[in-house]
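J.: what's the 3D shape of this:
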Amino acid sequence: MQYQNNKLKLALAVAAIGLPVAAQADATIYGFISGGVESAKATGNGSAEYKSTTRVVDNNSRIGFKGNEDLGNGLKAIWQVESSLRNFEQGGTNDKGQNAVLATRNTFVGLQDSRWGTFQLGNYDSAYKRLTDVGLNVLGDTVADQTGGNGVVYSRRYARLANSVHYTSPVWSGVQLGVSYGLDEIRPTASNGTRQNDDRLDLAASYTIGGLQLGIGYDREGDKLNATSSADAQQHVDGYKLAASYLFASSRTLIGAGFERVKIRNNGSSDTRQNDWLIALSQPLIGALTLKAGYAMLGKLDGAGSPDDFKAKQWLAGVTYDLSKRTQLYAYGTRIHNNSQQNANFPNNPVFSSGMGTSAAALAKGDNPQAIGIGMKTAF
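T.: Model (predicted):
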């Protein structure tokens with residue numbers, strides 16, 4: 001959803017103590033608060049399960065500040081500071097013991113030119129994530145979110161890159177290009193002198209014409225060290241993504257699908273390959289009421305023993321009702337079925353069968369998360 005932003009004039013602090021003010025800075029405050037009540041559980045593994053719980057949840061609320069300065073000749077300086085309001089309903093601490101801090105989300109400084117594009121550096125979504133997002137995340141910012149990331153069912157190579165630089169082109173005849181590079185600034189050294197370089201390179205493109213949106217992306221993550229060995233254990237990881245959607249002008253029906261392949265190169269064991277995909281639908285019903293649904297699948301892990309044991313699937317369904325352009329009611333349900341060696345979870349408000357309240361919180365393999373809930377979102 002595109003949110004309307006309220007603008008706040010920020011006077012320089014020196015004015016408050018009587019010093020002359022040379023200029024006035026303009027900034028935009030934006031974000032949303034989204035909260036709900038849901039029933040969640042994870043079943044299937046017997047002794048290690050997340051018992052049925054009714055909980056109040058923060059559905060990915062955030063606050064941000066952004067602005068720009070016109071430098072002339074079509075060039076602007078741009079900046080943004082965006083923060084998660086992580087689990088506001090329980091005082092800012094989530095079920096892994098993590099606290100909400102400043103600049104947890106997309107935060108950057110950069111230059112933007114209408115002719116040459118946009119350059120940014122900071123903590124920002126990869127080009128792979130941004131340009132392959134073609135509207136398939138129909139129940140975003142709930143437990144049924146499909147923005148992806150490591151440990152979920154669909155689009156597992158989505159990432160927000162710390163210590164990163166980005167270029168995004170202007171739109172040329174419906175085509176937009178992007179590249180992102182995330183640096184590994186730690187690069188630890190193994191006992192044999194080998195250095196890790198867990199960097200990240202992303203290339204992506206999108207194409208829009210009428211109601212059709214296409215996105216294609218490539219993601220490569222560098223080598224990692226095995227903490228129990230002097231040799232490199234894993235990896236590099238390669239991700240390939242293709243997604244498409246179509247919005248019918250007359251009915252406002254949105255249909256779409258996405259496909260991703262992830263290849264992992266391992267030292268000392270077989271390389272692995274795994275596909276994931278999603279189909280999604282959004283259909284306006286009566287007035288401001290919209291039906292939304294999707295089905296995602298994580299395929300077998302080729303190269304592993306018993307590859308079918310690593311499969312997972314997820315269904316999601318819900319409705320939204322727009323009270324205004326900024327305020328929405330919603331209801332949703334979703335369930336993930338994990339095979340015996342898989343523990344795919346929700347990207348937002350995951351459920352854990354052990355280690356609750358600590359960084360070691362985890363879902364046991366073979367457990368099946370599920371949730372149903374209602375909520376309200378209001379943007380500012």
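
J.: going forward, measure contacts between C-alpha atoms and count neighbours the same way
T.: Will do.

J.: Give the helix, strand or coil label for residue 129.
T.: helix (DSSP: H, G, I helix; E, B strand; the rest coil).

J.: what number of residues lie near residue 85?
T.: Using other CA atoms under 10 Å, residue 85 is surrounded by 26 other residues.

J.: One more: residue 269?
T.: Considering only other CA under 10 Å, residue 269 is surrounded by 11 other residues.

J.: From what I see, residue 365 and residue 340 are in contact.
T.: Yes: at 5.9 Å, residue 365 and residue 340 qualify as touching, with contact defined as CA atoms under 8 Å.

J.: Comparing those two, which residue is more hemmed in?
T.: Remark: of residue 365 and residue 340, residue 365 carries more neighbours, 20 against 17, as counted by other CA under 10 Å.

J.: Return the residues in contact with the residue nearest to residue 369 when sequence neighbours are not counted.
T.: In space, residue 369 comes closest to residue 42 once its chain neighbours are excluded; the distance is 4.1 Å by CA to CA, 6 or more residues apart in numbering. Contacts for residue 42 (CA atoms under 8 Å, 6 or more residues apart in numbering) come out as 49-52, 351, 353, 367-370.

J.: before we move on, which element is residue 313 in?
T.: In the assignment (DSSP states H and E), residue 313 maps to strand 312-322.

J.: Just after that strand, pick out the following helix or strand.
T.: Per DSSP H and E, the first helix or strand lying C-terminal to strand 312-322 is strand 327-338.

J.: Buried residues, stretch 174-192. List them.
T.: Judged by neighbour count using 16 or more other CA atoms under 10 Å, the buried positions of stretch 174-192 are 176-184, 187, 190.

J.: Output it in CSV, but only the C-alpha positions, please.
T.: Extracted in CSV, the C-alpha atoms of stretch 174-192 (Å, rounded to 0.1, in the frame of the first residue of the first chain):
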residue,chain,number,x,y,z
GLY,A,174,9.3,0.5,-18.5
VAL,A,175,12.6,-1.1,-17.7
GLN,A,176,14.5,-0.5,-14.4
LEU,A,177,17.9,-2.0,-13.5
GLY,A,178,19.5,-2.3,-10.1
VAL,A,179,22.7,-3.6,-8.5
SER,A,180,23.6,-4.0,-4.8
TYR,A,181,26.8,-5.0,-3.0
GLY,A,182,27.1,-5.8,0.7
LEU,A,183,30.6,-5.8,2.2
ASP,A,184,31.9,-8.3,4.7
GLU,A,185,33.7,-6.0,7.1
ILE,A,186,34.7,-8.6,9.6
ARG,A,187,36.3,-11.3,7.4
PRO,A,188,37.5,-13.7,10.2
THR,A,189,40.5,-15.9,9.5
ALA,A,190,40.6,-19.6,10.0
SER,A,191,43.5,-21.4,11.6
ASN,A,192,45.0,-22.3,8.2
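
J.: Let me see the confidence value for residue 236.
T.: You'll see residue 236 listed with a pLDDT of 83.

J.: for the record, mean pLDDT for stretch 136-150?
T.: The pLDDT scores in stretch 136-150 average 91.

J.: what residues are up against residue 95?
T.: Shown here is residue 95, whose contacts under the criterion CA under 8 Å, 6+ apart are 356-358, 361.

J.: Nearest to residue 206, out of these: which one, please.
T.: Nearest to residue 206 among the contacts of residue 95 is residue 361, at 36.8 Å by CA to CA.

J.: from what I can see that closest one touches residue 94, true?
T.: No: with contact defined as CA under 8 Å, residue 361 does not reach residue 94; the gap is 10.6 Å.

J.: When the two are compared, which one has more neighbours?
T.: Neighbour count, other CA under 10 Å: between residue 361 and residue 94, residue 94 has more, with 21 against 17.

J.: Spatially nearest residue to that one, not counting backbone neighbours?
T.: Counting by CA to CA, 6+ apart, residue 94 lies nearest to residue 87, which is 5.6 Å off, once chain neighbours are set aside.

J.: Count the neighbours of that neighbour for me.
T.: By other CA under 10 Å, 22 other residues sit near residue 87.

J.: Now do it against residue 112, distance only.
T.: Noted for residue 87: a distance of 34 Å to residue 112, by CA to CA, to the nearest Å.

J.: Same question for residue 172.
T.: Distance from residue 172 to residue 112, counting by CA to CA: 16 Å.

J.: For these two, work out which one has more neighbours and name it.
T.: Taking other CA under 10 Å, residue 172 and residue 112 do not tie; residue 112 has more neighbours (22 against 9).

J.: my read: that one touches residue 73, true?
T.: No: assessed by CA under 8 Å, residue 112 is found out of contact with residue 73, at 11.1 Å.

J.: So residue 328 is in contact with residue 322, correct?
T.: Yes: applying CA under 8 Å, one finds residue 328 in contact with residue 322, separated by 4.4 Å.

J.: returning to that earlier point: dump the contacts of residue 95 to a markdown table, plus distance to residue 242, pLDDT and secondary structure.
T.: Converted to a markdown table, these look like this (distance: CA to CA, whole Å; pLDDT from 0 to 100; DSSP: H, G, I helix; E, B strand; the rest coil):
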| residue | distance to residue 242 | pLDDT | secondary structure |
| --- | --- | --- | --- |
| 356 | 36 | 83 | coil |
| 357 | 37 | 81 | coil |
| 358 | 36 | 83 | coil |
| 361 | 32 | 88 | coil |
